[in-house]
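>>> Pasted the sequence and its predicted model underneath.
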Amino acid sequence: MIDKIDSKMFRNLLKGGYERLSSQKEWVNNLNVFPVPDGDTGSNMTQTLKGALSEEGDIIENSLLAARGNSGIILSQFLYGFIGAVNHKEQIDTRDFALAIKAGEKSARNAIRNPVEGTIITLMKETSRCAIQRSRRERDFIRLLENIVKIANITLEKTPEMLPVLKDAGVVDAGGQGFLYILEGTLHSLKEFDLKNDIVPSVSKRLHIWKTLASIESVYRIRNIFDIGNHMVKIWQNRPTGMDLAWERVLSLIKRRRIKTIPALKQFARRLISVWERKIEYQYDVECLVRGENIQKQSLEEEIASFGDSILVVESSGITKVHIHTNEPERIFEICSGYGELDDRFVEDMEEQQLDFITVKKGIEREIHQKVIIILPGDGLCEIATSLGAEVIKLSNPSTKEVLEYLKSEDFYFVLPANGDAIPASKQALKFSKKSGVVIPAKTIPEGMSALLAYNPELEPEENEENMREAIKGVKTGKVATSARDAQFGDQKVNKGNIISIFRKDIRVHKNIKEAVFKLVEKMEGEIFTIYSGIGVKEDNAEALLQGLKKEFSDKDFDLYFGGQPYYQYIISAE
């Protein structure tokens, strides 16, 4: 248990936060849509912490001098409040630490002229509340930080609901994400644990895909993501080199938002694009230091307020730092010069930053990522899986050599046999390929599709493997076919041409296909049923069957898709 921290240990905590943030700054940059989409939040926060850890001078002054942008200066003010609350103590306990977080949050909030919830300031507020509450009985810094990181994660995921521009852009708050990384790094410096490293698909690449989706022409009702995906197969197949990961991120967002029609997809895409490409009201990011005694901070802030927004005027040890987004940089410097000697003038054209941020760069960017390969028969099944980002081996039971042909790149592979007989060949192929990956033992098509739906490109391979293995456990598979020969199965005699249902090891003969499907639904005892129609099944017959099921079993949910599989008129998945 760690119940006390001294100044040396605190510096190590801060260093851990810096190292974690530094490793993930490009991901933070690519979330940066508020207050302007200029892609520098991660860099600014990293620069601030790097300055704070300079060997010369103290943390407060160094962080202020190094701070750039809204997020950097807000972070420096958090450090100002935090350290100011404890710098008179040789050691601090968890209660002191919690009160210091509260002081840091208050200092950061007071520095912002118009605080906006759903940003870094919200994460500071919620982590402060958590720390104050937990520290009343928790004396161990590790357990306290574990709770703080947990709350920060939960709060970060809620930021799009608090700030509409984030929801429209399909991201969480960049400053909040940066603050979470700092907290994770501080905890990691006290306790070794696996840190998830986010792989960065640039905003420019994601926008390129969204612009393609915004141009899809269709007017009819779509039931769910599978059908939307079928319209995007050609886009996926013709994607530019280096776009795979960006595509996976886009598809993941479509799933999370439960977009169910092509018009809704187009509307969402256009709204998202408009957020990232919106006209910036104030073109320049302007900063300077004002040196002098007794500077009237409030008066200076009021005097520049009419010239822009994102105003921050903060001070420490005779130095006042001014930040503003404006169209009149020279006027700002002129006003500030009336309050003291100017130093470290900084002007950045945010329109140029934005253009560079959202424009696809030439050349290929190496992206190491995960890939799902699924073994499926039938055109419909293959189209569905392809639309969900998987690569398909269009065979029922491929050989080891045939599977091996698909294991060529340096990606991490998930192989989904979707057929019990194909599992051995899949395992052998992965072994011979010497590639990184795992075979998920999906023994049926519904199990394979369920595992594919559980895959999330934003998670690490270990998490995806766990989720995919768990997904196949909850799936039941039923099949309806016409017997190709005479046979005896236990007490059930089957003649060639009989309609049979198969559930687990139970095989039954039925008068017709409708009876077979209805009996299977009763026997499988699920709540959500997905039905795949086979090759040769007429669309009108399949639709009539679906309507009959919905009427007969009104308490259950049914979806019907063309699978195109051979041998089985219907394959049924129950969950």
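Nice, thanks for sending it over. Numbers count the residues shown, from 1 in each chain.
>>> any idea how far Phe333 is from Ile304?
Separation of Ile304 from Phe333 (C-beta to C-beta, to the nearest Å) stands at 10 Å. From N, CA and C alone the C-beta is placed, and that goes for glycine too.
>>> and if you look at Leu560?
Relative to Phe333, and taking C-beta to C-beta, Leu560 is found at 67 Å.
>>> just Met449 next, same as before
Separation of Met449 from Phe333 (C-beta to C-beta) stands at 62 Å.
>>> who's more crowded, these two?
Shown here are Met449 and Phe333; by other C-beta atoms under 10 Å, Met449 has more neighbours (30 against 16).
>>> shaky segments in the stretch 201-350 of the chain?
216-244 (pLDDT under 70).
>>> Tell me where it has helices.
Along the stretch 201-350 of the chain, counting by DSSP state H, counting those that start in this stretch, helices occupy 203-214, 225-231, 233-237, 244-256, 262-276, 297-304, 329-337, 350-358.
>>> Would you map out the domains in the protein?
5-198, 201-271, 284-358, 368-473, 476-574 (automatic domain parsing).
>>> can you put these in JSON lines and add distance to Arg278?
Converted to JSON lines, these look like this (distance: least, C-beta to C-beta, whole Å):
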{"stretch": "domain 5-198", "distance to Arg278": "7"}
{"stretch": "domain 201-271", "distance to Arg278": "11"}
{"stretch": "domain 284-358", "distance to Arg278": "9"}
{"stretch": "domain 368-473", "distance to Arg278": "25"}
{"stretch": "domain 476-574", "distance to Arg278": "37"}
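>>> any idea of the mean pLDDT for the top helix by length along the chain?
When the chain is parsed with DSSP state H, its longest helix is helix 141-162. Helix 141-162 carries an average pLDDT of 96.
>>> Any chance you could list what contacts the helix or strand following that helix?
Per DSSP states H and E, the first helix or strand lying C-terminal to helix 141-162 is helix 164-169. With C-beta atoms under 8 Å, 6 or more residues apart in numbering as the test, helix 164-169 has contacts from 33-34, 37, 118, 159-161, 172-173, 271-272, 274-276.
>>> Now flag whichever of those is closest to Phe193.
Val172 (21.5 Å; C-beta to C-beta).
>>> average pLDDT for stretch 419-427?
91.
>>> Then stretch 102-119?
94.
>>> in that stretch, what's buried?
Lys102, Ala103, Gly104, Glu105, Lys106, Ser107, Ala108, Arg109, Ala111, Ile112, Gly118, Thr119 (16 or more other C-beta atoms under 10 Å).
>>> Over to stretch 460-469?
Glu460, Asn464, Glu465, Met468.
>>> Counting neighbours, what do you get for the residue lying closest to the first one once chain neighbours are set aside?
Spatial nearest neighbour of Glu460, excluding adjacent residues (C-beta to C-beta, 6 or more residues apart in numbering): Lys196 at 5.4 Å. Residues within reach of Lys196, counting by other C-beta under 10 Å, total 11.
>>> Surely Lys196 forms part of a strand?
No: assessed with DSSP: H, G, I helix; E, B strand; the rest coil, Lys196 is coil; it does not lie in a strand.
>>> so it touches Pro461, yeah?
No: between Lys196 and Pro461 there is no contact under C-beta atoms under 8 Å: 10.7 Å.
>>> Nearest to Leu395 among the buried residues of stretch 102-119?
Of all the buried residues of stretch 102-119, Leu395 sits closest to Gly118, with 48.9 Å by C-beta to C-beta.
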